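Colleague: take a look and give me a structure for this.
(one chain, ligands or ions: 1)
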Amino acid sequence: MNKTDRTNYDVIIVGAGPSGIFCAYELITKNPSLKVLMLEKGNDIKNRICPKRKTGICVHCKPCNITTGFSGAGAFSDGKLTLAATETGGNLDKLIGEEKVKELIQKTDDIYLKFGADSYVYGLDKPNEIAAIRKKSEDAGLKLVESPIRHLGTEASYEIYSKFQDYLLSKGVEILFKTSVKDFLIRDGRAEGVICKNGQEFFARQIVVGAGREGASWFKAICEKHDINSKAGTVDIGVRVECPDKIMHELNEALYESKLILYTKNYNDKVRTFCQNPSGEVALENYHLPDGKEVTTVNGHAYKSKELKTDLTNFALLVSKNFTEPFKEPLEYGTIFARAANMLAGGSVLVQTYGDIKKHRRSTPERIKATGASPTCPDAVPGDLTLVLPKRIMDDIIEMIETMNKVVTGLAGDATLLYGIEVKFYSNMVLIDKKCETNIKGLFAIGDSSSWTRGLSMSSAMGLYIADILLDSEV
Ligand SMILES: Cc1cc2nc3c(=O)[nH]c(=O)nc-3n(C[C@H](O)[C@H](O)[C@H](O)COP(=O)(O)OP(=O)(O)OC[C@H]3O[C@@H](n4cnc5c(N)ncnc54)[C@H](O)[C@@H]3O)c2cc1C
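Modeller: Numbers count the residues shown, from 1 in each chain. As a prediction, the model looks like this:
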């Protein structure tokens, strides 16, 4: 790579999530003389402490320690590595081909193993049990997407990414924490550098943006400001479901994560299960939006060690919608419903029993207690999700629960909990070429904020991919 006079760095990476980390890893491992700078709005991984883990209550850190800091949303994630190349985890295969994605996912998996990931892979060694689940799913009208899963576990994810941070720093990658990028310096259609919120400016020939869901709204505003081509992608919106492990036992044991898809009878909408966490906990995520306001949504994770496990399984039920012209504000659409839930829940998220949904009434602490359910997320406020989600989405979710009940007997019981809302902020699709370059020369978009990925494996794989492009670059 050549440098101009103003260039201080070979590559600047905005965001130290898995996509950015794998990019930095590959760059510095293959060419140790490169000058690589990572700019991360959150904390060093060692200072990433979510107070809720001790207090049980979210104190709304700014920025949120669950979604920002070294390793991004990966640090306290459940750490499920989806080892299949297609159908889940994003659309990278549509950009660079399925074979290439397979190869990259294999490579990321090898790297995760090198940094300490558990060697066991779910979904490979129980063919008879999986065949029985597949048969029951097909009979119910559900498609079972099968994928091998490696489960890092929440506490192990943190350890593994801590080792990545040590490795990158030891190899000379500069990482500035608590440094939020505000804008890009663009001249004659080429990106030259970045301006941070604190006024610092940095220059490089190549700038890679891996800002994740936390940075998706910011990056969308940047796209609008600089005419970076992007379009509305899929909007995924729904709830997180929580029920006893014993109801989900068969799926948990054989697959760890069951990826089930239904096209609903009434609307032909796609509803899918996502991010299943056996013996896990429901978690909150706080996103700070460009307007300065915060929005709180739900997610889930599970610890690896037995002492930290609960006896409840959670998973997301997401309705995927693709809107047509003139719609162009997918992130804002999801935010409206998340904000409505926050409004009704006094700043938190809502929880409602499936029994109360069927009875068309709100949940209260007493009604939840009467069912015997005990939410793992004490922040969630009992209320009424049907006052938040559009009828069509609520109908889709109810149809999915009733259909899944044919595979997972008991799921449609009164004590099943629905938390809301869950929404995925990866729906501003940045239009990039096969080299992941935007229409601004030298500006590359990767990971969840590009909307081409939506999980750990694929965002990490995209980081490796862009690094090889940059290493090959003659610019
Ligand atoms: C609780 C939880 C559980 C999850 N469980 C799983 C799972 O089991 N399996 C799975 O595949 N996925 C899971 N995910 C999703 C997964 O973590 C993400 O898909 C993945 O981290 C995306 O990587 P990324 O690099 O694209 O973005 P991120 O990990 O979101 O990282 C982006 C980084 O960019 C930083 N940033 C944003 N804007 C700026 C800016 N302007 N300036 C500087 N820095 C900025 C952010 O602070 C963040 O650190 C989970 C997520 C959560 C929150």
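Colleague: would you list the phi and psi of the residue in the stretch 201-350 of the chain that the ligand sits nearest to?
Modeller: The minimum distance from the stretch 201-350 of the chain to the ligand, using CB to the nearest ligand atom, falls at residue 212 (1.9 Å). No exception for glycine: its C-beta is placed from N, CA and C like everyone else's. Residue 212 adopts backbone torsions of phi 70, psi -170, taken as degrees, to the nearest 10.
Colleague: low-scoring stretches of the stretch 251-400 of the chain, by residue?
Modeller: Filtered on pLDDT under 70, the stretch 251-400 of the chain yields no residues whatsoever.
Colleague: can you show me the helices along it?
Modeller: Under the criterion DSSP state H, counting those that start in this stretch, helices of the stretch 251-400 of the chain are mapped to 330-344, 354-358, 365-371, 391-404.
Colleague: contact partners of the second one?
Modeller: So that's helix 354-358. Counting by CB atoms under 8 Å, 6 or more residues apart in numbering, helix 354-358 makes contact with 362-363, 367, 371, 384-386, 394, 398, 401, 412-418, all of which sit outside it.
Colleague: try it again at 10 Å.
Modeller: Helix 354-358 is touched from outside by 239, 241, 243, 361-364, 367-368, 370-371, 373, 382-386, 394, 397-398, 401-402, 405, 411-418, with contacts defined as CB atoms under 10 Å, 6 or more residues apart in numbering.
Colleague: ok, and the closest non-adjacent residue to the residue in the stretch 301-450 of the chain positioned nearest to the ligand?
Modeller: For the stretch 301-450 of the chain and the ligand, the shortest gap (CB to the nearest ligand atom) falls at residue 447, measuring 2.4 Å. Spatial nearest neighbour of residue 447, excluding adjacent residues (CB to CB, 6 or more residues apart in numbering): residue 19 at 3.0 Å.
Colleague: again with residue 328
Modeller: Counting by CB to CB, 6+ apart, residue 328 lies nearest to residue 232, which is 5.2 Å off, once chain neighbours are set aside.
Colleague: what does residue 266 give?
Modeller: What sits nearest to residue 266 in space, not counting adjacent residues and going by CB to CB, 6+ apart, is residue 395, at 6.0 Å.
Colleague: correct me, but the one you found touches residue 238?
Modeller: No. With contact taken as CB atoms under 10 Å, residue 395 and residue 238 are classed as non-touching, separated by 12.0 Å.
Colleague: of the two, who's got more company?
Modeller: residue 238 (29 against 17; other CB atoms under 10 Å).
Colleague: what residues are up against the nearest residue to the more buried one once chain neighbours are set aside?
Modeller: Closest residue to residue 238 in three dimensions, ignoring its sequence neighbours and counting by CB to CB, 6+ apart: residue 318, at 4.2 Å. Contact criterion CB under 10 Å, 6+ apart gives 234-240, 270-275, 393, 396-397, 400, 421-424 as the residues in contact with residue 318.
Colleague: count of residues packed around the residue of the stretch 201-350 of the chain closest to the ligand?
Modeller: Here the count is done by other CB under 10 Å, and residue 212 has 28 residues near it.
Colleague: alright, I will stop here.
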